[in-house]
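Q: Using only what follows, build the 3D model:
(2 chains)
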Amino acid sequence: MRIATWNVNSVRQRLESLTAWLAACAPDIVCLQETKCTDDAFPRAEIEAAGYNVAVHGQKTFNGVAILARLPFDDVTPRLPGDDADTQARFLEASFSTAAGSVRIACLYLPNGNPPQGDKFVYKIKWMDRLARYARERLALEEPLVLAGDFNAIPTPDDVYDPAAWAGDALFLPATRERFFALTHAGLTDAVRASSDAAGLYTFWDYQAGAWPKNNGIRIDHLLLSPQAADRLTGVGIDRHVRAWEHPSDHVPVWADLAIEVPAR
DNA sequence: ATGGCCAATATGATTGGA
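A: Sure thing, here's the model as predicted:
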């Protein structure tokens, strides 16, 4: 079973790239972020034609998450628990029946948090604390679980081209990093780091200032695995070639392969 | 963080992104 995450920066702008990438990568489950459209505007028919079931949690203009799956959904639940007043479309959970039992996937778009002095950063930190509570609850189920998405968190200096330049940024501040590590310390495994400790495994390059040709990237898109998922991990990939396509997203897809049999398409 | 960006929005500047 291949599980992927991709911040597409508008699913409607990226539809052609998305269907081409689905055909090439052949993921079984895909978590999308920044779909940037309401549920009725989501290009559901085109993605179903590519062989995927679709679950969406969108809003007008901003944010928006979706899960695409070759297998049928058992349950689909929007919204991260812990704040009924939070109306931003940033979280969607789904579960699936597999040969390994129930597999749970959480698709998340964690707040950016800039500027770090102000309500946006407060919202980010509260969101991360809510995510940690959610993760601890779900880990207690002892199921294969994957938290996949744009975490807007740079874990270590090896995950950013110029750590000093990012020292004061909401993506790299200690308050953000320590909350990312609270997730791994709770028992979740960073899939990319389970297979490599190399620097420069970036997933995002800004549109501005020649960031892509200069390889000025950061690693902020992550797949975090419960022990029951991590024990089945057989491979990971970062599809950085997608950043060089026409009209790219500023993020590229990241995926993990788990040794869980999926019926052939 | 920035040599010059990108997406959405009653399309003209503004907001948000990272």
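
Q: Can you list the residue ranges for strands in the stretch 51-200 of chain A?
A: A:53-57, A:65-69, A:75-78, A:91-98, A:101-109, A:145-150, A:189-190 (DSSP state E, counting those that start in this stretch).

Q: Count the neighbours of the residue in the stretch 51-200 of chain A positioned nearest to DNA strand B for me.
A: Relative to DNA strand B, the nearest point of the stretch 51-200 of chain A is A:Asn112 (3.6 Å; Cβ to the nearest atom of the strand). In short, each C-beta sits where N, CA and C put it, glycine included. A:Asn112: 16 surrounding residues under other Cβ atoms under 10 Å.

Q: any chance you could map the helices in the stretch 1-150 of chain A?
A: Listed in chain order, the helices of the stretch 1-150 of chain A (DSSP state H, counting those that start in this stretch) span A:15-25, A:44-49, A:119-139.

Q: what about the second one, average pLDDT?
A: Right, the one you point to is helix A:44-49. In this model, helix A:44-49 has a mean pLDDT of 97.

Q: about what we covered before: okay, the strands of the stretch 51-200 of chain A, which one's buried deepest?
A: strand A:145-150 (a mean of 27; mean count of other Cβ atoms under 10 Å).

Q: how long is stretch A:146-154 from one end to the other?
A: One end of stretch A:146-154 to the other measures 19 Å (Cα to Cα, to the nearest Å).

Q: export the strands of the stretch 51-200 of chain A to TSV and tack on distance to DNA strand B and mean pLDDT?
A: Below are the strands of the stretch 51-200 of chain A laid out as TSV (distance: least, Cβ to the nearest atom of the strand, whole Å; pLDDT from 0 to 100):
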stretch	distance to DNA strand B	mean pLDDT
strand A:53-57	14	98
strand A:65-69	12	98
strand A:75-78	18	98
strand A:91-98	14	97
strand A:101-109	7	97
strand A:145-150	5	98
strand A:189-190	18	98
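
Q: How about the contacts made by A:Gly187?
A: Taking Cβ atoms under 8 Å, 6 or more residues apart in numbering as the criterion, A:Gly187 is in contact with A:139, A:226-227.

Q: I'd like to know which of the residues you listed are buried.
A: Among those, those scoring as buried are A:139, A:226 (criterion: 16 or more other Cβ atoms under 10 Å).

Q: Would you reformat the contacts of A:Gly187 as a markdown table and include distance to A:Met1 and pLDDT?
A: Listed next are the contacts of A:Gly187 as a markdown table, based on distance: Cβ to Cβ, whole Å; pLDDT from 0 to 100:
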| residue | distance to A:Met1 | pLDDT |
| --- | --- | --- |
| A:Leu139 | 19 | 98 |
| A:Ser226 | 14 | 98 |
| A:Pro227 | 16 | 98 |
